[in-house]
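*Asks:* next come a sequence and a model predicted from it.
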Amino acid sequence: MSTEVEIGRSKRALRAYSFDDIALVPARRTRDTSEVRVGWQIDAYHVDLPVMASPMDSVMSPETAIMVGRLGGIGVLDLEGLWTRYEDPTEALERIRRADPSRATSVLQEVYRAPVRPELITERLTQIRASGVVVAGRLSPAQTQRHWRTVVEAGVDLMVIRGSFVSAEHVSGSVEPLNLKRFIYELDVPVIVGGVTTYTPALHLMRTGAAGVLVGQGGGASSSVRQVLGLHMPMATAVADVAGARRDYLDESGGRYVHVIADGSVGNSGDVVKAIACGADAVMLGAAIARAEEAPGRGWHWGSEATHPDMPRGQRVHVGTTGTLEQILYGPSTRADGSLNFVGALKRTMASTGYSEVKDLQRAQVVVSPYSAS
């Protein structure tokens, strides 16, 4: 249970921890890395890696979604992004990459004013399906009712409803809100929904019938939600809280398991390990894959939060390029900063803690940095 601290005579606050605040402890029993398995199954879909690529235009194009799928993960295409607004987004991408830092946000807003075209949603998803990989696409809660039928008819395997904050009980006096429980019940494809950062909202989302819940506020390295809205939850605590909701919902529902996916602050291979140790089944990588040579951003990174016409809650950031997509996932690594060979790091940690399956790593002992506990 989270502990409270006094921040002043009239206010108490919960103590929460980020991935930087914690670490795993090696176990007395270790095993060879060749005996470690890192596959993941969500609904009917089994993949070789517990990794989803974030639906951000700096990270995912149809081509890179296919590459991630062939490398063993799941690439999620933003169905409200550049590839569904432009027949050829090359010029739009170039404008974003070349924008002066002082005008980057204005350029993003201008580029994303072009409307989403349903025929391009169909075309992009059809392209990914033809490759034989798992087809996943993202819609925002605000646009789900407008485009979901097009997405389903195009043959999506996993639908991702992703926003900075998603609740099962949105209240609006001006428009009819998306009824997630009814929507998911009537849909023929599994839905992953988020983000959430605390126990109760996560439990409510699980009760809608979602196959998975995204933990985080989206955006990660490119997000400025904390600066703009003053909202934030450190990810180690967030994942552990939502994993607690999964445990209680498993009992409540009589055995229905909902996957927890860490979406945010997973910037290096150590963060992947820590997210799983806190209770995640898989991770969603954004900035980590934006550093790939093949990434559309070419070293620049931004998310949908940065393109809002009235109140952008993200920004374009330079993350650089560290290697190919295959190197980032499988190595070999030529760096000691955790930006390459995510799979090798995960396997080595699992071997060092004695576990052969990813899910078992959730039982690993975790310690808090003494600086964080003070």
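*Replies:* Nice, thanks for sending it over.

*Asks:* against F342, how distant is T349?
*Replies:* From T349 across to F342, the span is 11 Å (Cβ to Cβ, to the nearest Å). For glycine as for every other residue, the C-beta is placed from the backbone atoms N, C-alpha and C.

*Asks:* all helices of the stretch 1-150 of the chain, in order?
*Replies:* Ranges of helices in the stretch 1-150 of the chain, per DSSP state H, counting those that start in this stretch, are 62-70, 90-98, 104-111, 118-130, 144-153.

*Asks:* for the second one, which residues meet the burial criterion?
*Replies:* So the one you mean is helix 90-98. A92, L93, I96, R97 (16 or more other Cβ atoms under 10 Å).

*Asks:* okay if I get those residues as TSV plus pLDDT and distance to P234?
*Replies:* Shown next, in TSV, are those (pLDDT from 0 to 100; distance: Cβ to Cβ, whole Å):
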residue	pLDDT	distance to P234
A92	98	34
L93	98	33
I96	98	30
R97	97	31
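
*Asks:* identify whichever of the helices of the stretch 1-150 of the chain lies nearest to M56.
*Replies:* For those, proximity to M56 was assessed by Cβ to Cβ; helix 62-70 is nearest, at 10.8 Å.

*Asks:* hmm, back to that, what's the closest of the buried residues of helix 90-98 to V76?
*Replies:* The closest of the buried residues of helix 90-98 to V76 turns out to be L93 (Cβ to Cβ; 18.3 Å).

*Asks:* list the contacts for the closest one?
*Replies:* Neighbouring residues of L93 by Cβ atoms under 8 Å, 6 or more residues apart in numbering: D57, L82, P296, G297.

*Asks:* for the residue nearest to the second one when sequence neighbours are not counted, list the residues it contacts.
*Replies:* Sequence neighbours aside, P89 is the residue nearest to L82 in space, at 3.8 Å (criterion: Cβ to Cβ, 6 or more residues apart in numbering). P89 makes contact with D57, L82, W83 under the criterion Cβ under 8 Å, 6+ apart.

*Asks:* what's the separation between I128 and Y249?
*Replies:* Distance from I128 to Y249, counting by Cβ to Cβ: 31 Å.

*Asks:* okay, the two: which has more neighbours?
*Replies:* Counted by other Cβ atoms under 10 Å, I128 and Y249 do not tie: I128 has more neighbours, with 24 against 19.

*Asks:* quick check: the more buried one touching M67?
*Replies:* No - the pair I128 / M67 is not scored as a contact, 10.7 Å apart, by Cβ atoms under 8 Å.

*Asks:* got any residues that touch both of those two?
*Replies:* G75.

*Asks:* and the buried residues of helix 90-98, which is closest to Q41?
*Replies:* Nearest to Q41 among those is L93, at 34.2 Å by Cβ to Cβ.

*Asks:* ok, the closest one to V68 distance?
*Replies:* For L93, the distance to V68 - Cβ to Cβ - is 18 Å.

*Asks:* what does G155 give?
*Replies:* G155 sits 18 Å away from V68, going by Cβ to Cβ.

*Asks:* when the two are compared, which one has more neighbours?
*Replies:* V68 (29 against 14).

*Asks:* from H147, how far off is the more buried one?
*Replies:* Using Cβ to Cβ, V68 is found at 22 Å from H147.

*Asks:* try E326
*Replies:* For E326 relative to H147 (Cβ to Cβ), the value is 32 Å.

*Asks:* looking at those two, which one has more neighbours?
*Replies:* More crowded of E326 and H147, by other Cβ under 10 Å: H147, with 18 against 15.

*Asks:* which residues does the more buried one contact?
*Replies:* Counted by Cβ under 8 Å, 6+ apart, H147 has contacts L79, E80, V116, P118, I121, L139.

*Asks:* grab the longest helix from the chain for me.
*Replies:* In the chain, taking DSSP state H as the definition, the longest helix is helix 235-252.

*Asks:* for the next helix or strand after that one, buried residues please.
*Replies:* On the C-terminal side of helix 235-252, the nearest following helix or strand under DSSP states H and E is strand 259-263. Buried residues in strand 259-263, defined by neighbour count with 16+ other Cβ under 10 Å: H259, V260, I261, A262, D263.

*Asks:* and strand 259-263, what's its mean pLDDT?
*Replies:* For strand 259-263, mean pLDDT rounds to 97.

*Asks:* what's next to the following helix or strand past it, contact-wise?
*Replies:* Toward the C-terminus, strand 259-263 is succeeded by helix 269-277 as the next helix or strand (DSSP H and E). Residues outside helix 269-277 that contact it (Cβ under 8 Å, 6+ apart) are 19, 22-24, 50-51, 235-236, 239, 262, 265-266, 283, 285, 338-342, 344-346, 349, 358, 361-362, 364, 366.

*Asks:* any regions of the stretch 251-374 of the chain where pLDDT drops low?
*Replies:* 371-374 (pLDDT under 70).

*Asks:* contacting residues for the residue nearest to R70 when sequence neighbours are not counted?
*Replies:* Distances taken as Cβ to Cβ, 6+ apart put V133 closest to R70, at 6.1 Å, once the chain neighbours are dropped. The contact partners of V133, by Cβ under 8 Å, 6+ apart, come to A65, I66, V68, G69, R70, I74, G75.
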